[in-house]
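Let me see the structure of the following:
(one chain, ligands or ions: 1)
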Amino acid sequence: MKNKIVNDGNKIFNLLGKEKWKYLLSVIICAIVVPAFELTLPWVTKWMINAVEIGSKELLIQGFSTMIIIFILYSVLVPITAYHFEGRSHKPLLGVRLNLLKHIIGLPFNFFSQQHSGELMSRLTGDIDELFDFYKEQTYDIISILVKGIGALVMLLMLDIRIAIPVIVLGILSALSRSYMIKSLKDNSDDVRKLSGEANSLVTDSLGGIKVVKAFKFEKSLLKNFASIMDKATRKAYDRNLIDIKRDVLSYIISTLNFFGVLCIGAYMISTGTLDVGSVFAAIMLQEGIIEMFVTFGNYGFGIKIQLAKSARIFELFDEMKEETGEYEGSDSYICNDELITIKDGRFSYNDREAILLKINIRIMRNEFVILEGQSGAGKSTLSKILTGLMPLESGNILWCGKVANMAVLRNNVAYVSQEPYLFKGTILDNLKIGNPKATMEEIYETTKKACAHDFIARQPQGYNTLIGERGLTLSGGQRQRIAIARALLKEASILLIDEGTSAIDSEIENILLDNLISEVNRRTVIFVAHRPTIAKRANRVISMGKGIIKAC
Ligand SMILES: Nc1ncnc2c1ncn2[C@@H]1O[C@H](COP(=O)(O)OP(=O)(O)OP(=O)(O)O)[C@@H](O)[C@H]1O
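Residues are numbered from 1 along each chain as shown. Okay, here's the model as predicted:
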């Protein structure tokens, strides 16, 4: 268990990457400077009180001057170290968030069909913010309070061991009182995190599906669900407060006992002449730091488990295996005759479920217009994603120009238009340039004309520079599909694969678009997933699928 805590603690700091040592150095310096100044105060207090007691003006002036020097140094050094530390602790957070997003984007395509985007958002934002608290506050607190506590303990032992012993005993009791109920705190914070993930998922669902929500008058039911999650979260917060209050009351009793204990022992020792007044004052000031150290130990020493549990959700994502796409060595490493893609005995199933593709054997030739047809659920989109290199085959081989192809090779050579094309928030031009960032405006106009998109784009308020909102929601479904086709055409890949990408386009425009795509066949192969027999009639070849197998080719 101890090893696990050390390993997980290491993992948290390793998330900082190259910034780790710079961050740790700045936190250590800052956490030493502040308590070091605070520790000088009991010592100067003792000095000045004793000076008054023995009536030494000279000692009093020396004590006073030391106090002023400490004050000036404190006022200058503490803000400088704090400023430096603040800056250092913000930078790594950005790095952690960026690395996590980079990792998430690199995960296999299938991972996203099993995860809710709201849940992922909650990890990228809420969980990382909590991690930031750990970097920024808890690490600093632990180090500074330990420095102050150990320093105070050494000073108190040097002052008088008889006062130090009860302080240590009460301190240990205080630490135990803080760590008491740590299990219920951990369970509570696990529950709160789960609820926050659920709430996030519900909000992203409600906003993403706002049309359905409104059309089906689903608002009430959604709000009821949301209120129920929030209600549970509020009750958990209330439970948490109750646990905190109990722990605080226990700590308060112990701190008060400690204060009065030191005062009584000190007063007794002054009365018996075994300790001077200054030392008793210093002991009263020092005991606070010692108790604080034990309390912190109780909070963080044991409470670190809570932090590790919070970070576990981030590590879970980092532990997800990235997809192995392999490398694309460039077109020169392939000698391509007519056969572009070949699948031999391809089999595929989603997450160990029943196989969707059973024993697929197909060949996709150069310069042909192929229709991929089949009943709904036959596996056309699944096969399209495999041909595009979004998912690997479970078994069998996929070849590009006769050579076994990895996913990177397919992604480079196939341009894909999905069933529900996704457009990004930004302008129409931004979205088109995803296909080819270097495309000139002439090339873009030529391509959008082929995709029957130029005319409606030109009619937009700012033409190609019109903002289209989140997911392109300011455009019609058919317009979005045409932009997606133009984006894929701009990629200049050897194969253009359109998975029912014209379903929202009226038949008149669809016919013109098909004519244009058929004339593209001189430059590239077009694979068109379609249900309509009118489209199939125009193809060079029809690949017919049924229940995971190729029925006719
Ligand atoms: N991410 C997924 N996880 C699990 N099963 C899936 C997933 N995506 C699709 N399926 C299943 O795979 C089967 C084939 O789906 P696919 O979308 O490939 O069919 P399709 O032929 O394109 O259908 P349609 O014509 O309706 O679009 C279906 O039974 C579907 O339920």
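
wait, isn't residue 114 in contact with residue 320?
No: Residue 114 is beyond contact range of residue 320, at 10.5 Å (criterion: CB atoms under 8 Å). For the C-beta atoms, the positions are set from N, CA and C on the backbone; glycine is no exception.

out of the two, which sits in the busier spot?
residue 320 (15 against 8; other CB atoms under 10 Å).

How about the secondary structure of the residue lying closest to the more buried one once chain neighbours are set aside?
In this structure, residue 320 finds its nearest non-sequential neighbour in residue 107, 5.4 Å apart by CB to CB, 6 or more residues apart in numbering. Remark: residue 107 carries the secondary structure label coil [criterion: DSSP: H, G, I helix; E, B strand; the rest coil].

So what's the residue count around residue 107?
Counted by other CB under 10 Å, the residues lying close to residue 107 total 16.

The ligand contacts on this protein?
Contacts of the chain with the ligand, taken as CB under 6 Å from any ligand atom, map to 113, 350, 356, 374, 376, 377, 378, 379, 380, 381, 382.

Torsion angles phi and psi at the residue nearest to residue 320?
phi -80, psi 160 (degrees, to the nearest 10).

So what's the residue count around the closest residue to the ligand within the stretch 201-350 of the chain?
Residue nearest to the ligand within the stretch 201-350 of the chain: residue 350 (3.4 Å; CB to the nearest ligand atom). Residue 350 has 14 neighbouring residues, counting by other CB under 10 Å.

Run through the residues that contact it.
By CB atoms under 8 Å, 6 or more residues apart in numbering, residue 350 lies in contact with 110, 113, 356, 382.

Quick one, which of those residues are buried?
Neighbour counting with 16 or more other CB atoms under 10 Å marks 356, 382 as buried within the contacts of residue 350.

Looking at the contacts of residue 350, which has the smallest pLDDT value?
By pLDDT, residue 113 ranks lowest within the contacts of residue 350, coming in at 79.

Point me to the helix or strand that includes it.
Per DSSP states H and E, residue 113 falls inside helix 109-114.

For that helix, enumerate the helices and strands it packs against.
Of the remaining helices and strands, none touches helix 109-114 by 3 or more CB pairs under 8 Å, 6 or more residues apart in numbering; DSSP states H and E.

downstream neighbour of that helix in the secondary structure list?
helix 117-122.

Can you dump the C-alpha atoms of that following helix in CSV for me?
Provided in CSV are the C-alpha atoms of helix 117-122 (Å, rounded to 0.1, in the frame of the first residue of the first chain):
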residue,chain,number,x,y,z
SER,A,117,-17.9,13.1,-24.0
GLY,A,118,-19.3,14.8,-20.8
GLU,A,119,-17.4,12.3,-18.7
LEU,A,120,-14.2,13.0,-20.6
MET,A,121,-14.8,16.8,-20.2
SER,A,122,-15.2,16.3,-16.5
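
Determine the next helix or strand in the C-terminal direction from it.
Sequence order places helix 128-133 as the next helix or strand after helix 117-122, per DSSP H and E.

which other residues reach the helix or strand following that next one?
Downstream of helix 128-133, the first helix or strand assigned by DSSP H and E is helix 139-159. Helix 139-159 is contacted by residues 27-28, 30-32, 34-36, 38-39, 42-43, 85, 163-164, 167-168, 275, 279, 282-283, 286-290, 292-294, 296, 300 when judged by CB under 8 Å, 6+ apart.

Buried residues of helix 139-159, list them for me.
If you call a residue buried by 16+ other CB under 10 Å, then helix 139-159 has these buried ones: 139-140, 142-149, 151-153, 155-156, 159.

ok so, going back, can you tell me which of the contacts of helix 139-159 end up in helices?
27-28, 30-32, 34-36, 38-39, 42-43, 85, 163-164, 167-168, 279, 282-283, 286-290, 292-294, 296 (DSSP state H).

unless I'm mixing things up, residue 172 is touching residue 293, no?
No: Residue 172 sits out of contact with residue 293 when judged by CB under 8 Å, with a separation of 10.8 Å.

Compare the two (neighbour count), which wins?
Neighbours per residue, other CB under 10 Å: of residue 172 and residue 293, the larger number sits with residue 293, 23 against 14.

quick one: contacts for the more buried one?
145, 146, 148, 149, 150, 152, 153, 171.

what's the neighbour count on the residue nearest to residue 167 when sequence neighbours are not counted?
The spatial neighbour of residue 167 that comes closest, neighbours along the chain excluded (CB to CB, 6+ apart), is residue 287 at 4.9 Å. Neighbour count for residue 287, taken as other CB under 10 Å: 28.

Touching, residue 287 and residue 262? I think so.
Yes: look at residue 287 against residue 262 with CB under 8 Å: they come within range, at 4.9 Å.

Overlap of the contact sets of those two?
163, 167.

ok, so of the buried residues of helix 139-159, who is nearest the ligand?
Distances from the ligand to the buried residues of helix 139-159, taken by CB to the nearest ligand atom, are shortest for residue 139, at 41.1 Å.

can you pull out the strands in the protein?
339-349, 355-365, 369-374, 395-400, 403-404, 414-417, 495-499, 525-529, 541-546, 549-552 (DSSP state E).

nearest to residue 71, of the ones you listed?
Of all the strands of the chain, it is strand 414-417 that lies closest to residue 71, at 68.4 Å by CB to CB.

Give me the distance between the closest residue to residue 487 other than its chain neighbours and the ligand.
If the residues on either side of it in the chain are set aside, residue 487 comes closest to residue 435, at 4.0 Å by CB to CB, 6+ apart. From residue 435 across to the ligand, the span is 23 Å (CB to the nearest ligand atom, to the nearest Å).

Which pLDDT value belongs to residue 435?
Value for residue 435, per-residue pLDDT: 93.

Give the burial count for residue 318, as a bare number.
Using other CB under 10 Å as the criterion, residue 318 is surrounded by 15 other residues.

Verify the stated contact: it with residue 101.
No: using CB under 8 Å, residue 318 is not in contact with residue 101, being 11.6 Å away.

Tell me, how many residues neighbour residue 468?
Neighbours around residue 468, by other CB under 10 Å: 21.

Chain neighbours aside, what residue packs nearest to it?
Distances taken as CB to CB, 6+ apart place residue 474 nearest to residue 468, at 5.2 Å, with adjacent residues excluded.

do the same with residue 402
residue 339 (6.6 Å).

quick one: contacts for that neighbour?
363, 364, 365, 366, 401, 402.

and if we set it to 10 Å?
Going by CB atoms under 10 Å, 6 or more residues apart in numbering, residue 339 touches 363, 364, 365, 366, 399, 400, 401, 402.

do the same with residue 104
111, 112, 115, 120, 123, 124, 317, 318, 320, 322.

do the same with residue 402
Residue 402 sits in contact with 334, 335, 336, 337, 339, 340, 342, where contact means CB under 10 Å, 6+ apart.

Whichever of those residues end up buried, select them in ChimeraX.
Remark: buried members of these, expressed as a ChimeraX selection using 16+ other CB under 10 Å:
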select :334,340,342
